[in-house]
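# need a structure here:
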Amino acid sequence: MSDAREAILRRIRSALGDGNAPTQTGDRQEIGREYRRTDGRAQDTLVELFCERVGDYRAEVQRIASAALEDALTAAALRSGGRRLVVPPGLPAEWRPAQLELVPDAELTTAELDELDGVITGCTVAIAETGTIVLTSDAHEGRRALSLVPDLHICIVQASQIVGTVPEALAQLAPVVSAERRPLTFISGPSATSDIELKRVEGVHGPRKLVVFVTEEPP
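This is a model prediction of the structure:
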């Protein structure tokens, strides 16, 4: 077994070449990890890429000024059949449309959440390259169940929260995980899966509908 393992490792080292070959440090091996950790593109370019990737997942995405957000939230909710929406306790007042029935989350049960039409949340960070939104159960995002049980998820992303790469997002999320032990929820489009015949089915593991508003100014 040991001889076979060494033979495999030699072949891996040879394939990687000298630049990424494992190097011996004491009793363990250090493996070179050369990958892009930052994105040098302009912020507006990242925002455009994020919107494009979110749209690829069959989610609805709009770039909008904060002043027009309330009307846009109302229209998106009604268009998706949502009139009664749960909101996390820390959702800003500017993100609470007066025309909708908003239900504050007071530790609602799963059954109670399932009876509501949707949820409005913010996010912690968004990733342009993958079109991914990350929630950390912060006050303006609410607990994880809010973004998993209702059929409609409306998420507000500030343009300044969008980064280019996954490593950049993880660098921002590291303190939240290590110091505060918050759970992370990565959302890439509405919930979807495929059966053995590759027929797409939406809403199996979470919301069937995802609406994303990218605002240019903070609330």
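# per-residue confidence at Leu81?
Check again: residue 81 is Gly, not Leu. On the pLDDT scale, Gly81 is placed at 86.
# OK, contacts around it?
Asp117, Leu152 (CB atoms under 8 Å, 6 or more residues apart in numbering). Backbone N, C-alpha and C define where each C-beta goes, glycine included.
# Shouldn't it be within a helix?
No: under DSSP: H, G, I helix; E, B strand; the rest coil, Gly81 falls outside any helix and is assigned coil.
# What separation is there between it and Gly118?
As judged by CB to CB, to the nearest Å, Gly81 and Gly118 stand 9 Å apart.
# Work out which residue lies at the spatial centre of the chain.
Ile133 (1.9 Å; CA atoms, centre = their mean).
# you'd agree that residue is in a helix?
No: counting by three-state DSSP, Ile133 is not part of a helix but strand.
# Renumber starting at 4 from here on
Understood, numbering begins at 4; the last thing we discussed is Ile136.
# Would you agree it is in contact with Val215?
Yes: Ile136 is in contact with Val215 according to CB atoms under 8 Å; the separation is 7.0 Å.
# what's the overlap in contacts for these two?
With contacts taken as CB under 8 Å, 6+ apart, Ile136 and Val215 have Val57, Cys158, Val160 as neighbours in common.
# between those residues, which has the most around it?
Val57 (27 neighbours; other CB atoms under 10 Å).
# While we're on that residue, how confident is the model there?
Val57 is given a pLDDT of 96.
# Shouldn't it be within a helix?
Yes: judged by three-state DSSP, Val57 forms part of a helix.
# quick one, what contacts it?
So Val57 contacts Val64, Gly134, Ile136, Gly192, Leu213, Val215 (CB under 8 Å, 6+ apart).
# can I see the domain layout of this protein?
Following automatic domain parsing, one finds the domains of the chain at 4-37, 46-218.
# Surely Asp72 touches Gln161?
If you look again at residue 72, you'll see it is Leu, not Asp. No: using CB under 8 Å, Leu72 makes no contact with Gln161, being 10.9 Å away.
# Between these two, which contacts overlap?
Common contacts of Leu72 and Gln161, defined by CB under 8 Å, 6+ apart, comprise Thr218.
# residue boundaries of the strands in the chain?
Assigned strands in the chain, in chain order: 26-28, 31-33, 63-67, 87-90, 104-107, 121-124, 128-130, 135-138, 155-161, 165-166, 188-190, 195-197, 203-205, 212-218 (criterion: DSSP state E).
# All set, thanks.
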